[in-house]
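Q: Structure, please.
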Amino acid sequence: MNKTKLFLVPAFLLLTVASALAGEPVVWEMSSRTELLKGEARGVSITDTGVVTLAPNMTQLFNTEQAYVWASAVDSAGNIYLGTGHDGKLFRVTSDGKGVLLYKAGELDVTALAVAGDGSIFAATSPDGKVYRVTSDGRADVYFDPPDKYIWSLAILKDGSLAIGTGDNGKVYRVRGAGAKPEASLLINTNQTHVMSLAVTSRGDLIAGTDPSGLVLRISPEGKAFALYDAALREIHALAPAADGSVYALALGESAATSKTATAGATTSDAAAVTAAVAATVSADESGVVQVAPQPQAARSRNDLTNARSAVFHILPDGSSDVLWSSTTVTGFAVLAAPGGVIIGTSDKGRIYRVTDDGRDTLLLQSTEGQISALVAKGTDVFAASSNQGKLFRFGESTVREGSYESPVRDAKLVASWGRIWWRGTGTVEFQTRSGNSDRPDMTWSDWSAAYSDANGSQISSPKARFIQWRAMLRAGATARPILEDVNLAYLARNVAPEVLAISILPPGVALQPQIQIQIDPNIESSGLDPSLFGVIAQAPPRRLYQRGARALQWQAEDRNSDALEYAVYYRSLNETNFRLLKDHLRETFFTVDGASLADGRYVFRVAASDGPDNPPSLALSGERISEPVDIDNTPPTIRAVGQPQINRDSVRVNFEVEDITGRIKRADVSVDGTTWKEIFPDDGIADSSKERYSLDLNISGAGEHTVSLRAFDNSNNVGNISVTFRR
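A: The predicted structure follows:
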């Protein structure tokens, strides 16, 4: 194939693939953040502009060996508390990573936690659960026992009382002491199914998030609710108050909400199973390897909540609000206020995003687990709890010394020869590649190659294969900070012969004629650019017109290399062995055969496709297909009158015999004295053979000379006719 040099496409175009004309090398370019997020980030961050840098240093503090961590809290001493499922365990983890089981509840899940003023822990359980007060030595007492099926959220109010959000009746309780009666502690019935989240602002306001109407409510000490925000999404899953009195609200759409209506009516075991299934499904659905990047699409505004799985709203102290972040693919499960914005924990490969108040989001880091389900902070340290598996991680302001990024797998569609890999960046950055013929890297793939360190380009040493993947390693230097801006990898798929998929023959007499096509600026192709970069070029289909004896061929062909094709059409009769050329160097996928130039008989046609226009002669390949037999019939039917017309008063009987030596008779018409032609049927009732007899009884009025005309058509639309004149 053509191995001429490819004009390099600037990185700022943010194209996944630098478009190449057929037969030329393909350059797989990754510089857009959208494409980079499809890979695996291990110790690296990806900014909103698609720059890869070293990530914050995240370390694992503790493994609960439970499937899920539903809630976390931190006390003044820096101890982290984790509520887990589905064994109903409460863990305490010290800042140095030493964890102990503090309490084991009788219910399946510890769904909410809050730290009391005296350092004890309030732990809410579900389903059919209670609120326990657990002391530092692990002793637990039932603090509050409401009749509600679920307890979703807890918050400590300014006066030290405990706010409790429940489901499936959507109530908020304010409990001032142990053993309080539910009816005396009811603060408000929200008329929602669930109160999923509670928070207290720096001003002491109690904020509640609901399901299924997605309301953010400010609840007064008297139990009066004021709607701060009515989200377009179903569930306000988490709330994060900021130091300035504003509130960040994480909302989930219908497809991602964890508190389905069906869950509320399920049995105890069913409810836990549904909750777990939602988390597991979300995590699994979003962890697949994307093999082929889609074409660039129109940018989506974060304010567009159509089909959004999750979103974060910023509700300001003056009551105004902004959509800070939204996604149709990523499901957020935890939110934490941070200086100038928020940190979001997601089920997108257990990733954590940093979003500023002006909407700029950075993939901060990626964990080893499927989902980040809870976030708390102590000073500059952030503690992230994961689910499936339930672990606790810590990260802060320091960054790792070394990180790596693995690209998504690239499908070359065919076995390819790999060219060079080159990139743009600063600091110590090295690359490796591996290749294989299965769509996911496994034991059948090659090992990672030796490192490539020349940013200007190195020849890829991985073996020829259909799929390839690259890995970038970033290392911190003494002073330089490694930065990776874009990566380019060139390859050339092996040439594959074109294939003629099908040949169709149009009815006799239908000819095809090319129409005027939109002209392509010749400067585009001569510059080395692909014309498709300038928009879709509509090709007008051929025009159909009548041509006596014409037999038109249309065919479909494909070339897996997307090479330009040219065609040749051959023919032979069924009793011959050698094909004869009719026309070559065709670019259209149709050709009209002049049947008058061929003798009557049955023929087959061969269409050969060649990728020669985009390949040197030594590498050009071809494919062909032979049509089904086609009848060529230029001879009209013969008609003769049988006997003399038999006149009987006002009628006449005329007999005709029609015969076609090549085809068959398909219809006949009669006209008396030049009147309109009328179709007639043969004596046997069906015109379907090479010889038919027509016995006609016609009404004749008036004396004098009369003429009866008959015309007959064969299956190739040839027409024969005869006229019989008589006197009455």
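Q: first to last residue in stretch 548-568, what's the distance?
A: Terminal residues of stretch 548-568 lie 23 Å apart, using Cα to Cα, to the nearest Å.
Q: What of stretch 595-608?
A: Stretch 595-608 stretches 21 Å from its first residue to its last (Cα to Cα).
Q: Give me the contact list for that stretch.
A: Under the criterion Cβ atoms under 8 Å, 6 or more residues apart in numbering, residues 500, 503, 508, 548-551, 553, 555, 557, 567-575, 579, 582, 593, 622-635, 662, 716 lie in contact with stretch 595-608. Where C-beta positions appear, they are placed from N, C-alpha and C, glycine not excepted.
Q: average pLDDT across it?
A: Mean pLDDT, stretch 595-608: 93.
Q: So which bits of that stretch are buried?
A: Gly595, Leu598, Tyr603, Val604, Phe605, Arg606, Val607, Ala608 (16 or more other Cβ atoms under 10 Å).
Q: Also stretch 468-479?
A: Ile468, Gln469, Trp470, Arg471, Ala472, Met473, Leu474, Arg475, Ala476.
Q: Point out where this structure drops to low pLDDT.
A: 1-23, 258-298, 517-520, 524-538 (pLDDT under 70).
Q: Extract the CA atoms of the strand of greatest length in it and return them as PDB.
A: Ordering each strand of the chain by length in residues (DSSP state E) puts strand 410-426 first. These are the backbone C-alpha positions of strand 410-426, laid out as PDB (Å, rounded to 0.1, in the frame of the first residue of the first chain):
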ATOM      1  CA  ARG A 410      -7.000   0.500  19.600                       C
ATOM      2  CA  ASP A 411      -8.700  -1.700  16.900                       C
ATOM      3  CA  ALA A 412      -6.900  -1.400  13.600                       C
ATOM      4  CA  LYS A 413      -9.600  -3.500  12.000                       C
ATOM      5  CA  LEU A 414      -7.000  -5.600  10.300                       C
ATOM      6  CA  VAL A 415      -3.600  -6.900  11.200                       C
ATOM      7  CA  ALA A 416      -1.400  -3.900  11.000                       C
ATOM      8  CA  SER A 417       2.300  -2.900  10.800                       C
ATOM      9  CA  TRP A 418       3.100  -0.500  13.500                       C
ATOM     10  CA  GLY A 419       5.100   2.700  12.800                       C
ATOM     11  CA  ARG A 420       6.400   5.200  15.200                       C
ATOM     12  CA  ILE A 421       5.000   6.600  18.500                       C
ATOM     13  CA  TRP A 422       5.700  10.200  19.400                       C
ATOM     14  CA  TRP A 423       4.300  12.600  22.000                       C
ATOM     15  CA  ARG A 424       4.500  16.100  23.400                       C
ATOM     16  CA  GLY A 425       5.200  16.900  27.000                       C
ATOM     17  CA  THR A 426       7.900  17.900  29.600                       C
END
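Q: Over to stretch 662-675 now: how far is its first residue from its last?
A: For stretch 662-675, the end-to-end distance is 30 Å (Cα to Cα).
Q: right, I mislabeled it, should have said stretch 134-141
A: Stretch 134-141 has its terminal residues 7 Å apart, counting by Cα to Cα.
Q: chain center to that stretch: distance?
A: 50 Å (Cα atoms, centre = their mean, to the nearest Å).
Q: Next: stretch 665-683.
A: 60 Å.
Q: Check stretch 436-452 too.
A: 25 Å.
Q: contacts for that stretch?
A: Counting by Cβ under 8 Å, 6+ apart, 289, 291, 409, 411, 415, 421, 430-435, 458, 460-463, 465-467, 469, 471, 473 sit against stretch 436-452.
Q: Tell me which of these fall in helices.
A: Among the contacts of stretch 436-452, DSSP state H puts none in helices.
Q: So which of those residues belong to strands?
A: Of these, the ones assigned to strands by DSSP E are 411, 415, 421, 430-435, 458, 465-467, 469, 471, 473.
Q: Buried only: go through those residues for me.
A: When neighbours are counted using 16+ other Cβ under 10 Å, the ones in strands among the contacts of stretch 436-452 contain these buried positions: 421, 430-435, 458, 465-467, 469, 471, 473.
Q: ok so, going back, keep only those of the buried residues of stretch 595-608 that are in strands.
A: Those of the buried residues of stretch 595-608 lying in strands (DSSP E): Tyr603, Val604, Phe605, Arg606, Val607, Ala608.
Q: Among these, which one lies nearest to Arg649?
A: Tyr603 (52.6 Å; Cβ to Cβ).
Q: how about the helices in the stretch 51-200 of the chain?
A: With DSSP state H, counting those that start in this stretch as the criterion, the stretch 51-200 of the chain has helices at 182-185.
Q: for the chain, same thing?
A: Ranges of helices in the chain, per DSSP H, are 33-36, 182-185, 261-264, 268-285, 522-526.
Q: How much space separates Ser367 from Arg394?
A: As judged by Cβ to Cβ, to the nearest Å, Ser367 and Arg394 stand 11 Å apart.
Q: Common neighbours of these two, please.
A: Common contacts of Ser367 and Arg394 (Cβ under 8 Å, 6+ apart): Met58, Ala384.
Q: The longest strand of the chain packs against which elements?
A: Strand 410-426 is packed against strand 428-436, strand 458-459, strand 465-475, strand 483-493, with contacts defined by 3 or more Cβ pairs under 8 Å, 6 or more residues apart in numbering; DSSP states H and E.
Q: hmm, 10 Å instead?
A: If contacts are counted by 3 or more Cβ pairs under 10 Å, 6 or more residues apart in numbering; DSSP states H and E, strand 410-426 sits against strand 26-30, strand 52-54, strand 428-436, strand 458-459, strand 465-475, strand 483-493.
Q: Which of these sits closest to Thr356?
A: strand 52-54 (15.9 Å).
Q: who does that closest one pair up with?
A: strand 44-46 (antiparallel), strand 483-493 (antiparallel) (DSSP bridges).
Q: tell me how far the shortest one is from the chain's mean position?
A: Mean-position distance between strand 44-46 and its chain equals 24 Å (Cα atoms, centre = their mean).
Q: can you tell me the distance between the two ends of stretch 318-338?
A: Stretch 318-338 end-to-end distance (Cα to Cα) = 20 Å.
Q: Same question for it: list its buried residues.
A: Neighbour-count burial for stretch 318-338, with 16+ other Cβ under 10 Å as criterion, is recorded at 321-327, 330-338.
Q: for it, the distance to its chain's centre please.
A: Counting by Cα atoms, centre = their mean, stretch 318-338 comes out at 23 Å from the chain centroid.
Q: Count residues in the vicinity of the closest residue to Phe656 other than its chain neighbours, would you?
A: Nearest residue to Phe656, sequence neighbours excluded (Cβ to Cβ, 6 or more residues apart in numbering): Tyr694, at 4.6 Å. Neighbourhood size, Tyr694 [other Cβ atoms under 10 Å]: 21.
Q: what's the distance between Tyr694 and Pro221?
A: According to Cβ to Cβ, Tyr694 and Pro221 sit 104 Å apart.
Q: mind listing the strands for the stretch 301-450 of the chain?
A: 310-315, 321-327, 332-338, 341-346, 351-356, 361-366, 371-378, 381-387, 390-395, 402-406, 410-426, 428-436 (DSSP state E, counting those that start in this stretch).
Q: Leu710 is nearest to which of these?
A: The closest of the strands of the stretch 301-450 of the chain to Leu710 is strand 410-426. By Cβ to Cβ, the value is 61.3 Å.
Q: partners of the closest one in the sheet?
A: Strand 410-426 has the following strand partners under DSSP bridges: strand 458-459 (antiparallel), strand 465-475 (antiparallel), strand 483-493 (antiparallel).
Q: In it, which residues are buried?
A: For strand 410-426, by 16+ other Cβ under 10 Å, it's Arg410, Ala412, Ala416, Ser417, Trp418, Gly419, Arg420, Ile421, Trp422, Trp423, Gly425.
Q: Check stretch 556-574 too.
A: Buried, per 16+ other Cβ under 10 Å, within stretch 556-574: 557, 559, 561-571.
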